[in-house]
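K.L.:
turn this into a model:
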Amino acid sequence: MKNSQILEQRYLNINGEKVAVTEEVYQAYKRPLWADHKHSEREKRCQGQNGTRCMKECSSCNKDYTGRPLSLEQFTEDGYDVVDSIDVAEVVVNKLLCEALHTALNQLDSRNLQIAELFAAGFSEREIAARVSMSQKGVNDRKRKIFAELREYLKDFR
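P.N.:
Alright, predicted model coming up:
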């Protein structure tokens, strides 16, 4: 009996039962499993120009698993939709405009703010008039004044 068999007993799980086996049987049973695992891990690594597999951390690599540099065109070819680039200046202007509109709306008195909110929610002048206890003509006049105030406040954003 070899020294390795005496020092360390090996077990295999067969039908849910732990079965004691020799080192040779253990190695013969596990070798194909280890090879499959190593092969699958190797397949995940990108391939360099000389055919060797990359050993860098994949999260910081700028290549795909075939070794090609990542590109938007490749994603499109692979069937993924790529959103056009975003105009950062437009996003910033829209954000500033929304903040200014929010500030302008907060400066309205409570009744005018309620009329503006109901109008923005899609209610008609007649429905708004019923909710705020005013005439439809009164709501129409207020609405025009509210929008004139908002336009004046936001004129610098045009």
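K.L.:
against which helices or strands is the helix or strand harbouring Ala104 packed?
P.N.:
Under the criterion of DSSP states H and E, Ala104 resides in helix 88-106. Packing partners of helix 88-106 (3 or more C-beta pairs under 8 Å, 6 or more residues apart in numbering; DSSP states H and E): helix 110-120, helix 136-153. The C-beta positions use only the backbone N, C-alpha and C, and glycine is treated the same way.
K.L.:
dump those to a markdown table, plus distance to Ala35 and mean neighbour count.
P.N.:
Rendered in a markdown table, the data for those read as follows (distance: least, C-beta to C-beta, whole Å; neighbours: other C-beta atoms under 10 Å):
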| stretch | distance to Ala35 | mean neighbour count |
| --- | --- | --- |
| helix 110-120 | 66 | 15 |
| helix 136-153 | 71 | 14 |
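K.L.:
which one of those lies closest to Asp87?
P.N.:
helix 136-153 (24.6 Å; C-beta to C-beta).
K.L.:
and the chain, what are its domains?
P.N.:
According to automatic domain parsing, the chain is divided into the following domains: 3-77, 88-157.
K.L.:
let's have those in a markdown table, adding mean pLDDT.
P.N.:
Compiled in a markdown table, the domains of the chain are given as follows (pLDDT from 0 to 100):
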| stretch | mean pLDDT |
| --- | --- |
| domain 3-77 | 73 |
| domain 88-157 | 90 |
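K.L.:
okay, the longest helix seen in the chain in CSV with CA atoms only?
P.N.:
Longest helix of the chain, by residue count under DSSP state H: helix 23-44. Below are the C-alpha coordinates for helix 23-44, written out as CSV (Å, rounded to 0.1, in the frame of the first residue of the first chain):
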residue,chain,number,x,y,z
GLU,A,23,-6.0,7.3,-5.0
GLU,A,24,-5.7,5.6,-8.4
VAL,A,25,-9.5,5.2,-8.7
TYR,A,26,-10.1,8.7,-7.4
GLN,A,27,-7.7,10.2,-10.0
ALA,A,28,-9.1,8.1,-12.8
TYR,A,29,-12.7,9.2,-11.9
LYS,A,30,-11.8,12.9,-11.4
ARG,A,31,-9.3,13.5,-14.3
PRO,A,32,-12.0,13.9,-17.1
LEU,A,33,-14.0,16.2,-14.8
TRP,A,34,-11.0,18.3,-14.1
ALA,A,35,-10.1,18.4,-17.8
ASP,A,36,-13.7,19.5,-18.7
HIS,A,37,-13.6,22.2,-16.1
LYS,A,38,-10.1,23.5,-17.2
HIS,A,39,-11.3,23.4,-20.8
SER,A,40,-14.4,25.4,-20.1
GLU,A,41,-12.4,28.0,-18.1
ARG,A,42,-9.9,28.3,-20.9
GLU,A,43,-12.7,28.9,-23.4
LYS,A,44,-13.8,31.9,-21.4
